[in-house]
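Asker: would you be able to build a 3D model of this:
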Amino acid sequence: MTDRAREGGEAFAGALRAAISERGITLARLRSQLKQDGNPVSMATLSYWRSGDRQPEGPQSLSVVDGIEDRLGLEHGHLSRLLLPSSRLGTVAPPRLPFDEEREQRETEETLAALHAAPQDSLRDLSTHMTVFVGRDGAVERVVMRSLVQATKGLIRELPLIDVAPVETDVMSTISDVVGGRIDREYLHPGRLLSGVVIALDEPITAGSTTLFEFTETFPPGYPPRQSAWHATSRPARESLIWVRFHPDAPPSWCEEYLETEDEYVSALRTVRNGAVHLVRHGFGPGILGLRWGYDE
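Answerer: Numbers count the residues shown, from 1 in each chain. Prediction:
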């Protein structure tokens, strides 16, 4: 282990030891909880991390670190930001458009081409959190999205985003309050179903580095009412989370989660409690993950 790597491992290990001690939890109990969450890890590995003999590397280990932060009640990034870029980044599967409809696939490709969007074959999706606010009329008013991504090779300066409207429209959703970047280009496809934007990062990232960005999407007058919230990913993502918060005067009569991939479509009814519902998946993609809701007459 190099001196730089040893320093990184010691910083992470010190923070991990402190958090475990403050919570009064044993490694065995923590390992059991992580396994329940779908983040299996060996006792030996946890022990190495706690002692500083090794530090987490690779996508699976980094997912476990996220799980440790959740289980110990730590702020997201409290431990992971102490890690040095890994020399074992692993491979990233080629991105695949998650839309099944031929039109949506074709128009997505055309929109990306019109935006002159850079290829995304060296990007790893680590975490996407969507907080969706539903208005009194039962339609989505705004979405706050926060994403953590990692470069696996080369230099990444910008990220494209695609929106698919419920029906054809001449009105685009609006992206604002961007943190970590700025809107550089936008485009409404002539088919009037898809639109796209390109976010230029404040700080380009190189192999092993991560960037965290956030923005708010709002839906102006004339935009078709949307009673759904979904996240489409073109490659496996470590964590995808959708949290829908309903107006207190407009709880839905029913709510359904759904999952679409190349091989399957799965849906299930969900119960809305205290005016909200959330959906989370680890390692999901390529595909579409979403929630939809409705109201009785």
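Asker: can I see the domain layout of the protein?
Answerer: 3-82, 102-294 (automatic domain parsing).
Asker: pipe those into JSON lines and attach mean pLDDT and mean neighbour count per row.
Answerer: C-beta: built from backbone N, CA, C; applies to glycine. JSON lines is the format used below for the domains of the chain (pLDDT from 0 to 100; neighbours: other C-beta atoms under 10 Å):
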{"stretch": "domain 3-82", "mean pLDDT": "82", "mean neighbour count": "16"}
{"stretch": "domain 102-294", "mean pLDDT": "90", "mean neighbour count": "17"}
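Asker: tell me which residue is most central in the chain.
Answerer: For the chain, the residue nearest the mean C-alpha position is Thr128 (1.4 Å; C-alpha atoms, centre = their mean).
Asker: tell me the helix or strand right after the helix or strand harbouring Trp230.
Answerer: If you go by DSSP states H and E, Trp230 is part of strand 228-233. Next helix or strand after strand 228-233 toward the C-terminus (DSSP H and E): strand 237-245.
Asker: that next one versus strand 228-233: what angle between them?
Answerer: 170 degrees (axes from the mean of the first three to the mean of the last three C-alpha atoms, to 10 degrees).
Asker: can you list the helices and strands that strand 237-245 packs against?
Answerer: helix 58-71, strand 123-134, strand 228-233, strand 276-281, strand 287-294 (3 or more C-beta pairs under 8 Å, 6 or more residues apart in numbering; DSSP states H and E).
Asker: quick one: closest of these to Trp254.
Answerer: strand 287-294 (5.6 Å; C-beta to C-beta).
Asker: partners of that closest one, with directions?
Answerer: strand 228-233 (antiparallel), strand 254-260 (antiparallel) (DSSP bridges).
Asker: is it true that Trp112 touches Leu194?
Answerer: You called it Trp, but residue 112 is Leu. No. Leu112 is beyond contact range of Leu194, at 9.9 Å (criterion: C-beta atoms under 8 Å).
Asker: what's the overlap in contacts for the two?
Answerer: Residues touching both Leu112 and Leu194 (C-beta atoms under 8 Å, 6 or more residues apart in numbering) are Ile162.
Asker: may I have the secondary structure class of Thr216?
Answerer: strand (DSSP: H, G, I helix; E, B strand; the rest coil).
Asker: just the angle between the strand holding Trp230 and strand 276-281, please?
Answerer: Going by the same axes, to 10 degrees, strand 228-233 makes 20 degrees with strand 276-281.
Asker: strand 228-233 versus strand 123-134: what angle between them?
Answerer: Angle of strand 228-233 versus strand 123-134, following the same axes, to 10 degrees, is 180 degrees.
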